[in-house]
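# Would you be able to build a 3D model of this:
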Amino acid sequence: MSAPSSPLTRPRGQRIGQLLGTTTFQLASGIIALFVIAAAAIVWMIYAQTNVLLTEQVMTGLRREAEALTALARDGGTRTIDRAIAERSEPRGVQLYFLADGRGVRLAGNLVNVPTEVGADPRGGVFRYVAPPRVDAQQGVDAGTRLAVAIPVPVGPDRRLIVGRDVEDQRAFADKVRRIFLVGFGGLAVAGLVGGFMVSRLVVRRIEDINSAARSIMAGDLARRITTGGNGDEIDGLAQNLNRMLDRIEQLMGGLREVSDNIAHDLKTPLNRLRNRAEAALRENGGAGGYRQGLERVIEEADELIKTFNALLLIARLEAGAVEENMEVFDSGALVRDVAELYEPVTEEAGLSLRIDATGGPQIKANRQLIGQAVANLIDNAIKYGVRNGGVIGVQVVTGPDGLDISVSDQGPGIAPEDRERAVKRFVRLERSRTKPGTGLGLSLVTAVARLHGGTVRLEDNGPGLKVVVSLPKRLYSE
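Predicted structure coming up:
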């Protein structure tokens, strides 16, 4: 089955369509759309309120002027109002006037005739009028119709007065604001779409790196890792966690392969020996006593095989955390001291001396049985590989600022620094002759116990010999 193609390796049209359909682009577009709609509503409300305010200011000014002209006509008569309108009427003024007599003949003002929109409505209205040409240094000759608003003003029975104001500048300002609004928000929408596209492309590229690494790993390249951008963002954090997970998986897979190989080599010998002893018992025909002796040897070999498989099962359970719930509070120093004292007769038989320094250990909450078995395995290894006739095995408990250290040391041949990492793996036996009893699971079991409790195992030089230190974290201390 061929691997699915990446969105970044497809044809351009298909690639763009794929990027536009990504969740990142859709989220970015949705956020931009909501922002544009909200901003447009706010700006439109401001624009509408500004327009209402400007209109209200114009109408308020017109009403005040109408009141003043009405009072002037009432106090001074027609001659006074005629003279006032003539003086106020400028050819290109903002204030607009049209004054006529009772027959409708124009007497004064800068409007040529009565606007139909105003003449038919006593409340006034909006209209367009033809303004006299004006020469502008930047725009040239400015001529044409302009927008205005006007109201009728009562100044007597034989006079008809229309007072207005030019609002073309306000209209132009409103149109300019509208254009800026449309262009601005159009540009914002385009910028948002482009930004969403770029962000989507960036995120898709980063995710594709993860997918590419995953495809390579699924194809068998367990050493492949996900590259990080180096900026410490969330995707870098995800990549780092995935890389750590892949390291652990590779380690477990490597351990599984090594265990399979070691099982094939290490268990083949005792199984052959078991079979050979059974055949020898049948072949020798030594009667009931010979058969009994042969069966006893077969049982001894079978017991060793059962111990090996039990150790393997326990290590598997430890790595799966299946026994983590069996925790209890106990004195760590007392436990180490009790286990070490059990081995005193064995060390004396081997010509070794046991030095125990386990006083003052803290109370910890851990799996008592597993911690005791780990200490027993370390002491057993020290007895196997310690120097006979005068060698010393040291068992020590040290409380430090970071936690608890349980160490077992011997004065044997030790382990070379380059072999120490391999020594804690399952079925690894550094003794090439393999004359010593054992399965190579002791240090592996100790490592699994330490890892279950959040601790570590260190192999150090004892000068001469080996020192194995089991470090347990301070969080295990019982309050």
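# Can you list the low-confidence ranges for the stretch 151-300 of the chain?
The stretch 151-300 of the chain contains residues with pLDDT under 70 at 255-256, 258-269, 285-287.
# ranges for the strands of it?
For the stretch 151-300 of the chain, the strands defined by DSSP state E, counting those that start in this stretch occupy 159-166.
# Kindly report the same for the stretch 301-450 of the chain.
328-331, 352-357, 363-366, 391-399, 403-409.
# Please report the distance of the spatially most central residue of the chain from residue 248.
The residue lying closest to the centre of the chain (Cα atoms, centre = their mean) is residue 234, at 3.4 Å. Residue 234 sits 21 Å away from residue 248 when distances are taken as Cβ to Cβ, to the nearest Å. C-beta: built from backbone N, CA, C; applies to glycine.
# same check, this time on residue 452
Counting by Cβ to Cβ - residue 452 and residue 248 are separated by 15 Å.
# Quick check on those two: which one has the bigger neighbour count.
residue 452 (21 against 10; other Cβ atoms under 10 Å).
# doesn't residue 371 make contact with the more buried one?
No. In this structure, residue 452 is not within contact of residue 371 by Cβ atoms under 8 Å, at 9.9 Å.
# before we move on, back to that, of all the strands of the stretch 301-450 of the chain, which one is nearest residue 278?
strand 352-357 (36.4 Å; Cβ to Cβ).
# Now that closest one: average pLDDT?
For strand 352-357, the mean per-residue pLDDT is 87.
# neighbouring contacts of it?
For strand 352-357, contacts defined as Cβ atoms under 8 Å, 6 or more residues apart in numbering pick out 336-337, 340-341, 343-344, 347, 383, 386-388, 390-397.
# Which among these count as buried?
By neighbour count, with 16 or more other Cβ atoms under 10 Å, those hold 336-337, 340, 343, 347, 383, 386-387, 391-397 as buried.
# Which residue in those residues has the weakest pLDDT?
Ranked by pLDDT, the buried ones among the contacts of strand 352-357 bottom out at residue 387 (69).
# angle of the helix ranked longest in the chain against strand 159-166?
Using DSSP state H, we find that the single longest helix of the chain is helix 23-88. Helix 23-88 and strand 159-166 meet at an angle of 140 degrees, taking axes from the mean of the first three to the mean of the last three Cα atoms, to 10 degrees as the criterion.
# how far does helix 23-88 sit from the chain's center?
52 Å (Cα atoms, centre = their mean, to the nearest Å).
# ok, and what's touching the helix or strand that that helix is followed by?
Remark: after helix 23-88, the chain's next helix or strand is strand 95-101, criterion DSSP states H and E. Here strand 95-101 makes contact (Cβ under 8 Å, 6+ apart) with 65, 81-82, 85, 88-89, 106-114, 129, 148, 150, 158-166.
# Tell me the buried residues within those.
Buried, going by 16+ other Cβ under 10 Å: 65, 81-82, 85, 88-89, 107-111, 114, 129, 148, 150, 159-166, out of the contacts of strand 95-101.
# Was I right to think residue 328 contacts residue 363?
No. In this structure residue 328 lies outside contact range of residue 363 using Cβ under 8 Å: 10.6 Å.
# so residue 132 sits right up against residue 92, yeah?
Yes. Assessed by Cβ under 8 Å, residue 132 is found in contact with residue 92 at 6.0 Å.
# Quick one: neighbours of residue 122, just the number.
So residue 122, with other Cβ under 10 Å, has 9 neighbours.
# where are the low-confidence patches of the stretch 301-450 of the chain?
In the stretch 301-450 of the chain (pLDDT under 70), the answer is 307-325, 387-390, 426-440.
# give me that answer again for 90
301-334, 339, 342-374, 376-377, 380-392, 398-404, 410-450 (pLDDT under 90).
# ok, residue 377 - contacts?
Contacts of residue 377 (Cβ under 8 Å, 6+ apart): 442, 443, 445, 446.
# Now it: closest residue in space, sequence neighbours ignored.
Nearest non-adjacent residue to residue 377, counting by Cβ to Cβ, 6 or more residues apart in numbering: residue 442, 4.3 Å away.
# same thing with residue 159?
Excluding its sequence neighbours, the residue lying closest to residue 159 (Cβ to Cβ, 6+ apart) is residue 78, at 5.8 Å.
# got it, and residue 125?
Ranked by Cβ to Cβ, 6+ apart and with sequence neighbours excluded, the top spatial neighbour of residue 125 is residue 117, at 4.0 Å.
# OK, contacts around the one you found?
By Cβ under 8 Å, 6+ apart, the neighbours of residue 117 are 125, 126, 127.
# Put the buried members of those residues into a PyMOL selection.
Restricted to buried positions by 16+ other Cβ under 10 Å, the PyMOL selection for those reads:
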select buried, resi 125+127
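# So which of the contacts of residue 117 are in helices?
Among these, none falls in helices (DSSP H).
# Select from the contacts of residue 117 every entry located in strands.
Per DSSP state E, strands hold the following members of these: 125, 126, 127.
# Is the first one bridged to anything, and to what?
Think residue 125. Going by DSSP bridges, residue 125 is paired in beta bridges with residue 150.
# I'd guessed it sits against residue 148; true?
No. Residue 125 sits out of contact with residue 148 when judged by Cβ under 8 Å, with a separation of 9.8 Å.
# Could you name every residue contacting both of those two?
Residues touching both residue 125 and residue 148 by Cβ under 8 Å, 6+ apart: residue 115.
# Tell me where the model's unsure across the stretch 1-150 of the chain.
Across the stretch 1-150 of the chain, residues meeting the criterion (pLDDT under 90) sit at 1-63, 65-150.
# Contact partners for residue 159?
Applying Cβ under 8 Å, 6+ apart, we find residue 159 in contact with 73, 78, 81, 82, 99, 100, 101, 102, 107.
# Quickly list what it is bridged to.
residue 101.
# so how far is residue 124 from it?
17 Å.
# number of nearby residues for residue 218?
Around residue 218 there are 11 residues (other Cβ under 10 Å).
# Shouldn't residue 472 be within a strand?
Yes. Residue 472: assigned to a strand according to DSSP: H, G, I helix; E, B strand; the rest coil.
# Quickly list what it is bridged to.
residue 404.
# right, and it touches residue 366 too?
Yes. Using Cβ under 8 Å, residue 472 is in contact with residue 366, at 7.1 Å.
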